[in-house]
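Q: Provide a 3D model corresponding to the input given below.
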Amino acid sequence: MPHILWVLAVFLAVAGPVIWPWSRNEAIPSLIDRVEPWKLTASVALGKIQADEMSVQEYAESLLERIKARDEDVKAWAYLDEKRVTQEARLLDQIPKKNRGPLHGLPIAVKDVIYTKDMPTQFNSPLYDGHFPATDAASVRILRHAGALIFGKTTTTEFAAIHVGPKTHNPHDPLRTPGGSSSGSGAVVADSQVPMALGT
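A: Sure thing, here's the model as predicted:
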């Protein structure tokens, strides 16, 4: 065994720079830098945005591409306006760094029973079809103040209580349910369509 270790040590000393080209003083390239933005966790994405390693628009557009690829199977959105998302992401990128909030640019989906003044809140009920509240819910208002990007509204069972539910599928098994009430919020996060979502 000592002989084998000696041979290995000599091999690494000679061939090391070829098979491991980074010196001790160089940072080892991170796998995170090669991951598609939509695959990033909330904390990693937020860190990259704060470090100016990724723009809010770049992140938002990656998530929108993910949604386009998966929405037909998952069906977790009650409302999503791609143009609005892109426009708001672009505006967030223009905010000076010193004026940015702690959640600057972090996309967050909102369950469709929580008031949003710029998106319909319909409770998955025909009684509230096209209903636009005059104000944001406190939770949404706090998130906006912190710099979050309110991405869209996710599906829910009717009034978040009645058994009548949306046609949302479990993203990991379409034959299973994503659960009741906050089904859309759970599904979009589980499917990496957004990093975070509000439920109730």
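
Q: Now do residue 42: how many residues are near it, please.
A: As a burial measure, residue 42 scores 15 neighbours (other CB atoms under 10 Å). Every residue, glycine included, has its C-beta placed from N, CA and C.

Q: ok, now residue 138?
A: Neighbour number of residue 138 under other CB under 10 Å is 10.

Q: now the helices: where do they sit in this protein?
A: 2-19, 42-50, 56-74, 82-93, 138-145, 183-190 (DSSP state H).

Q: Could I get the pLDDT score of residue 31?
A: Residue 31 is assigned a predicted lDDT (pLDDT) of 58.

Q: hang on, the earlier thing: so can I have JSON lines of the helices of the chain showing distance to residue 153 and mean pLDDT?
A: Conversion of the helices of the chain to JSON lines gives the following (distance: least, CB to CB, whole Å; pLDDT from 0 to 100):
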{"stretch": "helix 2-19", "distance to residue 153": "51", "mean pLDDT": "44"}
{"stretch": "helix 42-50", "distance to residue 153": "19", "mean pLDDT": "98"}
{"stretch": "helix 56-74", "distance to residue 153": "13", "mean pLDDT": "98"}
{"stretch": "helix 82-93", "distance to residue 153": "12", "mean pLDDT": "99"}
{"stretch": "helix 138-145", "distance to residue 153": "11", "mean pLDDT": "99"}
{"stretch": "helix 183-190", "distance to residue 153": "8", "mean pLDDT": "98"}
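
Q: So residue 186 is in contact with residue 177, correct?
A: No. If you go by CB atoms under 8 Å, residue 186 and residue 177 don't touch, sitting 10.1 Å apart.

Q: Compare those two (neighbour count), which wins?
A: Comparing residue 186 with residue 177 by neighbour count (other CB under 10 Å), the higher total belongs to residue 186, at 21 against 13.

Q: Once you drop chain neighbours, what's closest to that one?
A: residue 178 (5.2 Å; CB to CB, 6 or more residues apart in numbering).

Q: Check the gap between residue 47 and residue 66 for me.
A: 20 Å (CB to CB, to the nearest Å).

Q: Residue 195 - how many residues pack around it?
A: Residue 195: 23 neighbours (other CB under 10 Å).

Q: typo on my end, it should be residue 80
A: For residue 80, using other CB under 10 Å, the count is 19.

Q: which ones are touching it?
A: The contact partners of residue 80, taken as CB atoms under 8 Å, 6 or more residues apart in numbering, are 67, 151, 152, 153.

Q: who's in contact with the third one?
A: The neighbours of residue 152, taking CB under 8 Å, 6+ apart as the test, are 77, 78, 79, 80, 81, 85, 109, 110, 119.

Q: What score does residue 53 have for pLDDT?
A: Residue 53 is given a pLDDT of 98.

Q: How many residues are close by it?
A: 12.

Q: didn't residue 189 look like it was pressed against residue 196?
A: Yes. At 6.6 Å, residue 189 counts as touching residue 196 under the criterion of CB under 8 Å.

Q: hey, what's in contact with both of these two?
A: Residues touching both residue 189 and residue 196 by CB under 8 Å, 6+ apart: residue 109.
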